[in-house]
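Undergrad: Have a look; sequence and predicted model below, questions after that.
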Amino acid sequence: MADNQGPQGNYDPAGNTQMFRAFVDETPSGAGGRRAAAAAGSSGPRIGVIVGVIAAVAVVAAVVWLALA
């Protein structure tokens, strides 16, 4: 079996899931307000994606209609 850990002196903390989760869960001072504001404004990009998908479907339908006409 291969040893994926590497030498003891070159320990990579990113390879440890628990340490990575602890890093992600850390909230620097002042970031809580920005994170809440980002969550509140997240519907804007979602609406853009929905409108884009509807526009793409309309274009494909128009091309198919023109091809069959």
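TA: Received the coordinates, thanks. Numbers count the residues shown, from 1 in each chain.

Undergrad: Every contact and neighbour count from this point should use C-alpha atoms.
TA: Will do.

Undergrad: C-terminal to the helix or strand of the chain with the lowest mean pLDDT, what's the next element?
TA: Across the helices and strands of the chain, the lowest-confidence element by mean pLDDT, DSSP states H and E is helix 31-40, at a mean of 54. Counting by DSSP states H and E, the element after helix 31-40 in chain order, helix or strand, is helix 43-68.

Undergrad: So which elements touch that next one?
TA: Judged by 3 or more CA pairs under 8 Å, 6 or more residues apart in numbering; DSSP states H and E, helix 43-68 is in contact with no other helix or strand.

Undergrad: Average pLDDT for that helix, rounded please.
TA: Taken as a whole, helix 43-68 has an average pLDDT of 91.

Undergrad: buried ones in it?
TA: Across helix 43-68, burial judged by 16 or more other CA atoms under 10 Å covers no residue at all.

Undergrad: For A69, the count of nearby residues, please.
TA: Neighbour count of A69, defined by other CA atoms under 10 Å: 6.

Undergrad: Let me see the contact set for it.
TA: Contact analysis of A69 by CA atoms under 8 Å, 6 or more residues apart in numbering lists nothing.

Undergrad: mind redoing it with 10 Å?
TA: For A69, the contact set (CA atoms under 10 Å, 6 or more residues apart in numbering) comprises V63.

Undergrad: Equivalent analysis for V51, please.
TA: Neighbouring residues of V51 by CA under 10 Å, 6+ apart: P45, V57.
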